[in-house]
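Chemist: Provided below are the primary sequence and the corresponding predicted coordinates.
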Amino acid sequence: MNLDDYRRAARAWLRDNAPAGETPPEDAIPHAKHFMARLYDAGYSGITWPARWGGQGLTQAEERAFAAEARHFSLPTYVFSIGLGMTGPTLVDRGSDEQRERFVRPLLRGEEIWCQLFSEPGAGSDVAALQTRAVRDGDRWIVNGQKVWTSVAQHADWGLLLTRTNPEAPKHRGLTMFVVGMRDPGVTVRPLKDMTGRAHFNEVFFDEVAVPDAHRVGEVDDGWSVAVTTLLHERLSISAGVGMGRAKDDPTSLEALRRTADTSDPLVRDDLVELHIRTRALALFNQRLAQEAEAGLFPGARGSAAKLLLAELTLFEADLATRLAGPSAVVGTRDGAGAGPLAHAISLAPAMSLGGGTNEIMRNIIGERVLGLPPGPRVDKTVPFKDLKVGTQG
Amino acid sequence: MRLVLTPEQRELREAVRSFLAAAAPPAKARDGYDPAVHARLNGELGLSGLIVPEEYGGAGAGMAELAVALEETGAALLPGPFLATAFAALALTRAPDKELLTGVAEGRLTATLALPVVPDGLTARAEGGGVTLRGTLPQVLSGAEADVLLAALPGAPAADGSGAPGESSAGGSGAPGESAADGPVLVAVDLGGPGVTRVPLETLDLTRGQTRVELDGAPARVLGRLGAEGAAAVADLVAVALAAEQLGVLRASLDAIVAYAKIRVTFGRFIGSYQGVKHKLADMHCKLEQAESVVRHAAWTADEDPAELPHAAALAQAYVGRACFEVARDHLLLHGGVGFTWEHDAHLFYKRAKADEVLLGPPRVHRARLAALMEAGEPASTEAAGEPAPREA
Ligand SMILES: Cc1cc2nc3c(=O)[nH]c(=O)nc-3n(C[C@H](O)[C@H](O)[C@H](O)COP(=O)(O)OP(=O)(O)OC[C@H]3O[C@@H](n4cnc5c(N)ncnc54)[C@H](O)[C@@H]3O)c2cc1C
């Protein structure tokens, strides 16, 4: 099938199958799972993933064609975004064949929801400073510790879990990655209300949780290299908007602002032009990265530039939208919808600059990995982890 | 839409880059125009004929290739009339003239284009078999080095000089008299000929000159009709070509300061290890990535999607012009005191970046144009949202 036909078929499928209107919150998960299954059965989930593990084995061209059509709809794929963008690609790259066989297809079909268990209260940017312990016990591991900021953990069936297995080694060399069952005994998930008032992320506690060695991803004490794979995918997928389902009726989008703002005011016009320039420049950069990937050039750390630009654009557009609207931006009626869509947007905007690595961390990565600048002095690379200062002190 | 270079375009880039590294490094830029380098650029690499159609002896390449070449000449701060000649060649693609095109293709002839494409203040009179021009063009790019000046008149010159086309302001719309009815025409003036006085100007940019050109009955040759659409297209092509040069200036500025940040030590550490420096460089890199994407897109559009060109060209100037100056500025600042010295090259980039940013008018004109185009329903909303437009194959 040529690309035009592919695109036409995708458009037709979306027209017939994309959900119309809002789903009541209590039905959201079953509804999303049902949609994902149909998406998969139609061949639109895992478009570029290897066919052997349940993907479609197609190219970025088809993926982008589908994404372009999907933008006209609000697809309920949010709860799958961690699996599709981060943990799934990590398993495809680094998992054992048994793990790929077991996990990838149900992930793509939306039968199982995934979360990423990296950050801890004392380890976010410096995630290799984490303290959750896994201790070997025959052919299984016993896990104790706490994770935090874990998106969609309250819905998840599986988590990709980074643990410390060797505190005697320097911090990057004593970590091991596992797949953990989120409903296993000893796993407790507590939703955390975020600044928007919703609870999309969680605290997750591990109390004597047993994980089979068959669920180890990569070698013992080599979890950092697996985590780096995940983080690379994370930045790329965030910047490319995988599964983010940016609502077609986003009130901060240029299209929305053009409808609502007074475009005869020269100051407003200039603001909108600025938003347009930034949006367009980033969109073209993302397209260029995708074309390079298609040509076999892996963007690697350059994905951090796209992630940083998107984080800044997200702050800018919510900030601009509220400034253009004026007083009405910050109030709503008491009908349960909160303070209104712009208030929600300005509350949500910081998330993009924090999740997936902060803007400062992105700048460090660009500086050191892309431009090859010297690192700052570090005391933490050679010292045994147990002798390091980590987390919040004093 | 194609945003990455083809293998042939990469080869072209390597060829131009290595030639310039040897023959015209930025350090030589302050010595000004070197006709010998210009001749070799055209002789060995055939660069001035790059976009000249094959039937006139050129390579018949597109804007994508020209952009690759201009990025390199920009990075080298190449002095002289290369960019001006490219502008003129772009105009000639819209009103082909055998003599001029073959001259440019063979590297015999350098040329420049009056800016804006339809300049104010020129009057033309049809006399005998020819046309003569009067008026002053206050700033002609590389006017001292160019052999030929091209300019667009709002309409065909009238026999008696009345209804002087030059009295209308832009694009020929509303130009008085019948003469302007079919829109702008392109004319050529021999800058070494009679009736031409060239007054060199003191320029901020030490590497490329501008000249006041006074025309007092200078004989001109009518090359052909551009029409309003053609004149607008030439202006857009010029905007894209300039953005390609700006991309090169931006890239070279960033490369220079990244290299310096890896060797300059303060307080016992390389300055590039300080986040105050590192993070600024990271932001400059982000600008480079976006600028390159915007330029590749604009060049592709010029070659393949003329309907989208006005928008892509305005975007290219609005984004790349600013980004280029900001990066050149910060690259200078991050050099410390030495960046402020006459000796150091940093100010050459800074000054070229500023001169380029205002070359086609105050930068707000590009932003105003974007606003107008958005109002007219541009661009295709799927593309603005970050995804390829349906027409992409
Ligand atoms: C909405 C959201 C969703 C998230 N989802 C998940 C998830 O699903 N799974 C998961 O594992 N994590 C998740 N996170 C956690 C996220 O990755 C961390 O919050 C983030 O990496 C920052 O870590 P921290 O909170 O510990 O802040 P810190 O690391 O303590 O940072 C504090 C400040 O110091 C700065 N800083 C830190 N180190 C440096 C440095 N070397 N140079 C310069 N500045 C520095 C930071 O930029 C920041 O401004 C999520 C976070 C958010 C906000």
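Modeler: Okay, I see it.

Chemist: can you pull out the helices in the stretch 151-300 of chain B?
Modeler: B:227-261, B:275-304 (DSSP state H, counting those that start in this stretch).

Chemist: got the angle between the last one and helix B:227-261?
Modeler: Calculated by axes from the mean of the first three to the mean of the last three CA atoms, to 10 degrees, helix B:275-304 forms an angle of 150 degrees with helix B:227-261.

Chemist: what residues are up against residue 98?
Modeler: As the question left the chain open, I've gone with chain A. Contact analysis of residue A:98 by CB atoms under 8 Å, 6 or more residues apart in numbering or on different chains lists residue A:214. Every C-beta, even on glycine, is put in place using the N, C-alpha and C of the backbone.

Chemist: chain B is the one I meant
Modeler: So residue B:98 contacts residue B:56 (CB under 8 Å, 6+ apart).

Chemist: how far away is it from chain A?
Modeler: 38 Å (CB to the nearest CB, to the nearest Å).

Chemist: residues contacting residue 52?
Modeler: Just going to use chain A. Contacts of residue A:52 (CB under 8 Å, 6+ apart): none.

Chemist: to clarify, I was referring to chain B.
Modeler: Contacts of residue B:52 (CB under 8 Å, 6+ apart): B:58, B:59, B:60, B:89, B:92, B:101, B:102, B:104, B:105.

Chemist: residue A:161: what secondary structure?
Modeler: Using DSSP: H, G, I helix; E, B strand; the rest coil, the structure places residue A:161 in strand.

Chemist: I figured it hits residue A:145, correct?
Modeler: No: with contact defined as CB atoms under 8 Å, residue A:161 does not count as touching residue A:145 (9.4 Å).

Chemist: between these two, which contacts overlap?
Modeler: Common neighbours of residue A:161 and residue A:145 (CB under 8 Å, 6+ apart) are residue A:132.

Chemist: how about the residue in the stretch 101-250 of chain B that the ligand sits nearest to, nearest residue that isn't a chain neighbour?
Modeler: Closest to the ligand within the stretch 101-250 of chain B is residue B:250: 25.6 Å, counting by CB to the nearest ligand atom. Leaving aside its chain neighbours, residue B:250 sits nearest to residue B:324 (4.3 Å; criterion: CB to CB, 6 or more residues apart in numbering or on different chains).

Chemist: where exactly do the helices run in the stretch 101-250 of chain A?
Modeler: Using DSSP H, counting those that start in this stretch, helices in the stretch 101-250 of chain A cover A:223-240.

Chemist: hang on, the earlier thing: the ligand versus the residue nearest to residue B:250, what's the distance?
Modeler: From residue B:324 across to the ligand, the span is 28 Å (CB to the nearest ligand atom, to the nearest Å).

Chemist: helix B:227-261 and the longest strand belonging to chain B, what's the angle between them?
Modeler: In chain B, taking DSSP state E as the definition, the longest strand is strand B:210-225. Calculated by the same axes, to 10 degrees, strand B:210-225 forms an angle of 140 degrees with helix B:227-261.

Chemist: give the other helices and strands that strand B:210-225 contacts.
Modeler: Helices and strands touching strand B:210-225, by 3 or more CB pairs under 8 Å, 6 or more residues apart in numbering or on different chains; DSSP states H and E, are strand B:130-141, strand B:185-190, strand B:196-200.

Chemist: turn those strands into a markdown table, including mean neighbour count, mean pLDDT and distance to the ligand.
Modeler: Listed next are the helices and strands packed on strand B:210-225 as a markdown table, based on neighbours: other CB atoms under 10 Å in any protein chain shown; pLDDT from 0 to 100; distance: least, CB to the nearest ligand atom, whole Å:
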| stretch | mean neighbour count | mean pLDDT | distance to the ligand |
| --- | --- | --- | --- |
| strand B:130-141 | 19 | 96 | 44 |
| strand B:185-190 | 23 | 97 | 56 |
| strand B:196-200 | 14 | 97 | 51 |
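
Chemist: Serialize those to TSV and add fields for distance to residue B:371.
Modeler: Below are those laid out as TSV (distance: least, CB to CB, whole Å):
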stretch	distance to residue B:371
strand B:130-141	26
strand B:185-190	29
strand B:196-200	37
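
Chemist: walk me through the domains of the chain.
Modeler: Going with chain A. A:3-108, A:114-227, A:250-357 (automatic domain parsing).

Chemist: not quite, go with chain B.
Modeler: B:7-110, B:113-225, B:230-375.

Chemist: distance of residue A:27 relative to the ligand?
Modeler: From residue A:27 across to the ligand, the span is 24 Å (CB to the nearest ligand atom).

Chemist: quick one: secondary structure of that residue?
Modeler: Three-state call for residue A:27 (three-state DSSP): helix.

Chemist: next helix or strand past the lengthiest helix in chain A?
Modeler: Across chain A, the helix with the greatest residue count (assigned by DSSP state H) is helix A:266-294. Next helix or strand after helix A:266-294 toward the C-terminus (DSSP states H and E): helix A:303-325.

Chemist: excluding its backbone neighbours, what's nearest the residue in the stretch 151-300 of chain A positioned nearest to the ligand?
Modeler: Proximity of the stretch 151-300 of chain A to the ligand (CB to the nearest ligand atom) peaks at residue A:151, 3.5 Å away. Excluding the flanking residues, the one nearest residue A:151 by CB to CB, 6+ apart is residue A:201, at 4.9 Å.

Chemist: how about residue A:89?
Modeler: Nearest one to residue A:89, counting by CB to CB, 6+ apart, is residue A:233 at 4.3 Å.

Chemist: name the helices or strands packed onto the helix or strand bottoming out on mean pLDDT in chain A?
Modeler: Taking mean pLDDT, DSSP states H and E as the measure, chain A has helix A:60-70 as its least confident helix or strand, at a mean of 83. In terms of contacts (3+ CB pairs under 8 Å, 6+ apart), helix A:60-70 is packed against helix A:3-17, helix A:266-294.

Chemist: of those helices, flag the one that's most buried.
Modeler: helix A:266-294 (a mean of 21; mean count of other CB atoms under 10 Å in any protein chain shown).

Chemist: most centrally placed residue in chain B?
Modeler: Centroid-nearest residue in chain B, with CA atoms, centre = their mean: residue B:242, separated by 3.1 Å.

Chemist: just checking, that one touches residue B:357?
Modeler: No: the criterion here is CB under 8 Å, and residue B:242 misses it with residue B:357 at 9.4 Å.

Chemist: overlap in contacts of these two?
Modeler: residue B:321.

Chemist: residues in contact with residue 199?
Modeler: Since you didn't name a chain, this refers to chain A. Counting by CB under 8 Å, 6+ apart, residue A:199 has contacts A:154, A:191, A:192, A:193.

Chemist: let's do chain B instead
Modeler: B:211, B:212, B:213, B:214.

Chemist: separation between the nearest residue to residue B:214 once chain neighbours are set aside and residue B:217?
Modeler: Using CB to CB, 6+ apart and skipping the chain neighbours, the partner closest in space to residue B:214 is residue B:197 (4.2 Å). Taking CB to CB, to the nearest Å as the measure, residue B:197 falls 11 Å from residue B:217.

Chemist: ok, residue 211 - how many residues close by?
Modeler: You didn't say which chain, so I picked chain A. Counted with other CB atoms under 10 Å in any protein chain shown, residues neighbouring residue A:211 total 21.

Chemist: that's the wrong chain, I meant chain B
Modeler: Using other CB under 10 Å, residue B:211 has 24 neighbouring residues.

Chemist: quick check: bridge partners of it?
Modeler: Note on residue B:211: beta-bridge partners by DSSP bridges are residue B:140, residue B:200.

Chemist: fine by me, thanks again.
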